[in-house]
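A.B. asks: A structural model of the following input is requested.
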Amino acid sequence: MKKLSLLFGAVLLTAIASAQTTTTAPATTAPVTATTTPTEKTQMQDLRKDIRAYDNKKAEAKHAISVGNLAAAKTDLAAAKVDKQGIIADAKILKGEGIAHPVILADKQIKNIDEKDIKSDISGIKADKVAEQQAIKAGNITAAKADQKDIKADKKDLKKDIKAARRDGIKHPVRRAI
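C.D. replies: Next up is the predicted model:
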């Protein structure tokens, strides 16, 4: 009987307490609109640069550790820490301007930029291959050799862009670009 009366008392107190509290809607942040101010654009560019610098420094530190150069890794990690503080500062500014989740938005923008770079490199390689085949059919050897050099340069750019995309978090950048 004693347990039943304590249970009844607890339920009664809970009901009274919930009846007295007011429910308020959570404060919502304004969504990012299509019309952003120039300062917001420059802040987002700065945030993207800070994120890329942070990723690069972390990757360099990881490589230095794998090689065994701990002094270089320590300096890279210190630089990455400074970049992380810049990311946090830029995110606070952008949140104050009304942009919700600026770091996530910047990550998505970075990935989209990387995919566009890879797509343009792939289309450049395809165009150079077509131009090379046309030059071979026409019998123009010098143009074909120039197109081969262009293909080689485009492949080098593609490898660089793939490496940057992987560093930025895209798992299969070529598959996503196609």
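A.B. asks: Please, where are all the helices along this structure?
C.D. replies: With DSSP state H as the criterion, the chain has helices at 2-20, 38-67, 70-96, 102-138, 141-167, 173-177.
A.B. asks: Pipe the ones you listed into JSON lines and attach mean neighbour count per row.
C.D. replies: C-betas here are computed from N, CA, C, even on glycine. Listed next are the helices of the chain as JSON lines, based on neighbours: other C-beta atoms under 10 Å:
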{"stretch": "helix 2-20", "mean neighbour count": "9"}
{"stretch": "helix 38-67", "mean neighbour count": "16"}
{"stretch": "helix 70-96", "mean neighbour count": "15"}
{"stretch": "helix 102-138", "mean neighbour count": "16"}
{"stretch": "helix 141-167", "mean neighbour count": "15"}
{"stretch": "helix 173-177", "mean neighbour count": "16"}
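A.B. asks: Next, format these as CSV and append mean pLDDT.
C.D. replies: Converted to CSV, these look like this (pLDDT from 0 to 100):
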stretch, mean pLDDT
helix 2-20, 75
helix 38-67, 90
helix 70-96, 92
helix 102-138, 92
helix 141-167, 91
helix 173-177, 75
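A.B. asks: Domain-wise, how is the chain divided?
C.D. replies: For the chain, the structural domains run 35-100, 112-178, going by automatic domain parsing.
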